[in-house]
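Asker: Below is the structure, and that's it, no one-letter string:
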């Protein structure tokens, strides 16, 4: 979605950003950045946790992302014809920070993500719950092994519920490329689940 800016003879289409007023307020007074922090801290932490699979590291990375965003806020801007939003820009910072952290930890063993902690509660029988838990663990095992951009596209789409346009801006890819990433990622997950599911169930 876009809005028009500038004199009529120099009219430009600029992406609509619901955070524009908050960003401009934070530029005038850094103390106003708290509103943006409160709005997005849970989403950034969730993304960091899925990326790093370590709660303490995710907390540290989340703090780092917001410190970096506050410092770089004067350089953030909305450009004509682009779909970038503050949220997409914030997640591009988170993506870069996570990449740096993963590189620095590459030689160290990582604790596995406790997938069960993210399972919604329900009243299914224990056998069904066990099967669902196995499927979920297997699915996230596949997601963790995906190439970086495919994994991040899945997290941003299905965990953070971001639209394709914002995912594209966050990853520095086109919307078409993001759709391909998601398609290939989901196909890999589906293939893995199909291989392990009994023939009768499949």
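Answerer: Yep, it's here. All figures in this text were calculated on a predicted structure; none of them were measured in a lab. Numbers count the residues shown, from 1 in each chain.

Asker: Where do the helices of this protein begin and end?
Answerer: 20-28, 33-52, 55-72, 86-104, 126-145, 148-154, 164-171, 175-196 (DSSP state H).

Asker: what angle sits between the first one and helix 86-104?
Answerer: It refers to helix 20-28. 70 degrees (axes from the mean of the first three to the mean of the last three C-alpha atoms, to 10 degrees).

Asker: what's the distance between helix 20-28 and the middle of its chain?
Answerer: Distance of helix 20-28 from the chain centroid (C-alpha atoms, centre = their mean, to the nearest Å) equals 23 Å.

Asker: Roughly how far does the nearest residue to residue 76 once chain neighbours are set aside sit from residue 104?
Answerer: When the adjacent residues along the chain are set aside, residue 76 lies closest to residue 89, with 5.6 Å between them (C-beta to C-beta, 6 or more residues apart in numbering). In short, each C-beta sits where N, CA and C put it, glycine included. Remark: distance between residue 89 and residue 104 (C-beta to C-beta, to the nearest Å) = 23 Å.

Asker: Could you do residue 56 as well?
Answerer: Taking C-beta to C-beta, one finds residue 56 at 15 Å from residue 104.

Asker: How about residue 179?
Answerer: Residue 179 is 32 Å from residue 104, by C-beta to C-beta.

Asker: Look at the two and report which has more neighbours.
Answerer: residue 179 (15 against 9; other C-beta atoms under 10 Å).

Asker: need the contact list for the more buried one.
Answerer: The contact partners of residue 179, by C-beta atoms under 8 Å, 6 or more residues apart in numbering, come to residue 164.

Asker: That'll do, ta.
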